[in-house]
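# Quick one, what's the 3D model for this:
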Amino acid sequence: MFKKLFGKEKKEEVSEVVLMSPMTGNVVDLGDVPDPVFSQKMMGDGVAISPSEGKVVAPADAKILNVFPTKHAIGLETAGGLEILIHVGLDTVNMKGEGFNAHVAEGDRVKKGDLLLTYNLELVQEKAASTITPMIISNGDIVKQLDKHENVQATAGETPVMTVKL
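Below is the predicted model:
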């Protein structure tokens, strides 16, 4: 109600965001992703996960900005305005949503570890170019420092993979 009277919702003052792995699997360098859009950081910096199961969880408390119609990617915004894109696999857009289920919708608020997407990992292995899943910070202009925790075995929602100073 007051938002309508006094303008835009004020962003929470946050100086650091710790992002957990959105998936269980091996965390790898973005440069190792076999797609130049991600490996050359054209969409932004981040990490990638080679998943061991078909489940994606929230890497932090956030608001869902968008769930792609094909359910292969999801955009989130954390406190402090950090925007994150999780893109399941490579060339998965061509699957047209087959094998993917979204458990959230645009505008939903989620807590770290909440289930976002489930998908058939074997089907993605069969039909997509790769199962590797980039997690990108799409508004890097607000990032002062980015510390990545790569080359670790991660547990979804529990293992820190990026510490971002805003």
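
# Identify the residue nearest N139 in space, chain neighbours excluded?
In space, and not counting its chain neighbours, N139 is closest to E83: 4.4 Å by CB to CB, 6 or more residues apart in numbering. C-beta: built from backbone N, CA, C; applies to glycine.

# Kindly state the beta-bridge partners for the one you found.
Taking DSSP bridges as the rule, E83 bridges to E77.

# unless I'm mixing things up, it is touching G75, no?
Yes - E83 is in contact with G75 according to CB atoms under 8 Å; the separation is 6.6 Å.

# joint contacts of these two?
65, 138 (CB atoms under 8 Å, 6 or more residues apart in numbering).

# give me the number of residues near the residue nearest to N139?
Residues lying near E83 (other CB atoms under 10 Å) number 17.

# Could you check how far it is from T24?
As judged by CB to CB, to the nearest Å, E83 and T24 stand 24 Å apart.

# do the same with H72
H72 is 18 Å from T24, where distance means CB to CB.

# So for the two, which residue has more residues nearby?
Set H72 next to T24 and count neighbours by other CB under 10 Å: H72 wins out with 28 against 19.

# so what pLDDT did the closest residue to the more buried one other than its chain neighbours get?
Of all residues not flanking H72 in the chain, T92 sits nearest, at 3.9 Å (CB to CB, 6+ apart). T92 carries a pLDDT value of 97.
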